[in-house]
Every structure is written in C-alpha cells, then in structure tokens.
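A.B. asks: Provided below for reference: sequence and predicted model.
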Amino acid sequence: MGVALVTPFDTNGMVDHDALARLVDYQIESRADFLCVLGTTAETPTLDPEEQLAVRNTVVERNAGRLPILLGCGGNCTRNIVNKLEKDKMDDVDALLSVVPYYNKPTQAGMYAHFKAISEATDLPIILYNVPGRTGVNMLPETTLRLAADCKNVVGIKEASGNIEQIESILRNRPEGFKVFSGDDGITLPLIKSGADGVISVIGNAYAAEFAEMVHLAQAGDYAAAEVIDKRLTELYRLIFVDGNPAGIKVVMELRHMLQNVLRLPLVPATKATCEKIAAALL
C-alpha cells in the first residue's frame, strides 16, 4: 500500500512543511509500504521547481530511510525529463513514477519511444503511470508489456484506466517480477484478487492504517476480512473524487485535523454539498 502524498498548504497558500512531515510520520506509523512524492495528488503542476525540491527534501528527511520513496518524474516533453534525469541527483529516492505524456496525445509508438528514452537516461527502477482520464490517451496493454520486455528498469505500472479487462490482460501476460499497482482505491481489492501487487492510494492519506490493513489482508488471501474494511470505505472512495482530486481527500484530512483545506488554482476546494456528504461518511 503506497500513498500518493498530498501537498499541504497553509492559509496563505504556502507549502506547510510541518503538516507534510507529520503526514510522513503518520504513514510510517500506519504501516504504509512506500511513499509516492510529487504525483498528481500532490498538485505538482502548481508547485514551482524550488517548491518541488523543498517538498521532496522534507519527505526524504522526515522519512529518514524508513520507507521506499517513489518520485513523480513525468511530463509531455521527453527531452526535458531526460535532461532532468541526467543532471539531477536522484540518490535520495528509490524509484520513479512516470506518467503517460498528456495534452499532446502521442500514439502507442510515441509512448513506447518516450518511456524507452527515459529508461535509458537512468538506472533507477521506473513505474509507468497510465491515467487516461487525465492524459487524454490510454496506453494499451501491448505497449506496457513491450516496455516491460525491452526495458530492464521498467519494473511496474500504476494502472488508473479503470478498465478491469485491460488490467487483467497485463496481469496475465506480464513478465516475471513486473508489478501491477491499482491507481483507483475503489477497485484495489478485486484487482489484488486477480493478482495485482497493491495500490498507489489517495484515501491512504487520511486512512492509512485502515487501507493498509485491507491491502495486507487481501495479499494474505483473507478476502473476507479485507472486504469488511473495503465496504466501510466504499462511499468515501466515491465522494473524494466528486469534485476532483485532491479536493475531496483534503476535506477528509481537514476534518481529521491533519491539514488546512487549501488548494492552489486552478484547483478549488470541494463544494459545500460534497463536504457535508463527506463529513457524514467519515469513519
């Protein structure tokens, strides 16, 4: 159970590093298995390069080597990513999460060439990230499997297509050792039943202990006990995405006194109606 960490902001809209450090402690105490830094949930596009580095440093320093760190490192300009990997020190992270290029809508051949170039620019393990709802394009299983076969450091994928048939195709045909992570909290349990290796979670920001227990029970084959926890969280899985991510999860976290419910434009807080529904669904 990995967690895609949010970026807390204070009431002035600045990064709240104290809240971020507490969030790291909470994840470790709650038996999360790894931390994902500067992913989508972190509002990374709204952070300038200095802020991104500061967020990364806060997480790395507070974590102090206790959990593996997965660093978001993607974009829609291959050359920029390659240059960053060749110039920046990456010895403080354990692996990279790289999203399918967005906005310019590459073909499958373009996606393959993009990730192959990234693979050749680093020795770090790479987890691909397929999220067509955000990128506008879907990376097909054939492309994922081709990258897994051809690039030794492409070691897994975060699949957020929501297409069970597509994800199961990857699971059936993947090479040995290639990891498949759910990118959707709500379908994590059925995917683990089908052989998936875990999840990179949003709800884990607020309910790390509960969600980690659900994942670990499922991995151990105790599906009945896992389903009890899953059902308790089902309504929250849905509600935290009604007004987009991370608007919903920040409502939950404010209600649980973990951070201020502040986002950066163009994102705005969840509506009053959504907030009320979330408050009623809290565990």
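C.D. replies: On my side now, so go ahead.

A.B. asks: so for whichever helix or strand Thr188 is part of, mean pLDDT?
C.D. replies: If you go by DSSP states H and E, Thr188 is part of helix 188-193. For helix 188-193, mean pLDDT is 98.

A.B. asks: what's in contact with it?
C.D. replies: 164, 167, 180, 182, 196, 198-199, 201, 214-215, 218-219, 223, 226-227, 230 (Cβ atoms under 8 Å, 6 or more residues apart in numbering). Placement of C-beta: from N, CA and C, glycine included.

A.B. asks: among the residues you listed, which are located in strands?
C.D. replies: Among those, the members falling in strands (DSSP state E) are 180, 182, 198-199, 201.

A.B. asks: filter those down to the buried ones.
C.D. replies: 180, 182, 198-199, 201 (16 or more other Cβ atoms under 10 Å).

A.B. asks: widest-spaced pair of those residues?
C.D. replies: Farthest-apart pair in these is Val180 and Ser201; separation 14.5 Å (Cβ to Cβ).

A.B. asks: which elements pack onto the helix of greatest length in the chain?
C.D. replies: In terms of residue count, the longest helix belonging to the chain (DSSP state H) is helix 223-239. Under the contact criterion of 3 or more Cβ pairs under 8 Å, 6 or more residues apart in numbering; DSSP states H and E, helix 223-239 touches helix 188-193, helix 208-219, helix 272-281.

A.B. asks: can you redo those helices as CSV with mean neighbour count and distance to Leu128?
C.D. replies: Compiled in CSV, the helices and strands packed on helix 223-239 are given as follows (neighbours: other Cβ atoms under 10 Å; distance: least, Cβ to Cβ, whole Å):
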stretch, mean neighbour count, distance to Leu128
helix 188-193, 21, 16
helix 208-219, 21, 20
helix 272-281, 15, 31
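
A.B. asks: just to revisit the earlier point, which two in the contacts of helix 188-193 are spaced the farthest apart?
C.D. replies: Val180 and Glu227 (20.5 Å).

A.B. asks: just put the helices and strands packed on helix 223-239 in CSV and tack on distance to Gln260.
C.D. replies: Listed next are those as CSV, based on distance: least, Cβ to Cβ, whole Å:
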stretch, distance to Gln260
helix 188-193, 28
helix 208-219, 19
helix 272-281, 14
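
A.B. asks: Met139: what's its closest spatial neighbour, skipping adjacent residues?
C.D. replies: Closest residue to Met139 apart from its sequence neighbours, by Cβ to Cβ, 6 or more residues apart in numbering: Asn130 at 4.5 Å.

A.B. asks: so what's that neighbour up against?
C.D. replies: 100, 138-139, 144, 157-161, 183.

A.B. asks: what's the farthest-apart pair in the residues you listed?
C.D. replies: Asn138 and Lys158 (13.7 Å).

A.B. asks: my read is that Glu159 contacts Lys179, right?
C.D. replies: No. Assessed by Cβ atoms under 8 Å, Glu159 is found out of contact with Lys179, at 10.6 Å.

A.B. asks: who has more neighbours, the two?
C.D. replies: For Glu159 versus Lys179, neighbours defined as other Cβ atoms under 10 Å are more numerous around Glu159 (28 against 15).

A.B. asks: turn the buried ones among the ones in strands among the contacts of helix 188-193 into a markdown table, including distance to Ile126 and pLDDT.
C.D. replies: Formatted as a markdown table, those follow (distance: Cβ to Cβ, whole Å; pLDDT from 0 to 100):
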| residue | distance to Ile126 | pLDDT |
| --- | --- | --- |
| Val180 | 14 | 98 |
| Ser182 | 18 | 98 |
| Gly198 | 17 | 98 |
| Val199 | 18 | 98 |
| Ser201 | 20 | 98 |
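
A.B. asks: now flag whichever of those is closest to Glu276.
C.D. replies: Ser201 (24.0 Å).

A.B. asks: where's that closest one relative to Gln27, distance?
C.D. replies: For Ser201, the distance to Gln27 (Cβ to Cβ, to the nearest Å) stands at 10 Å.
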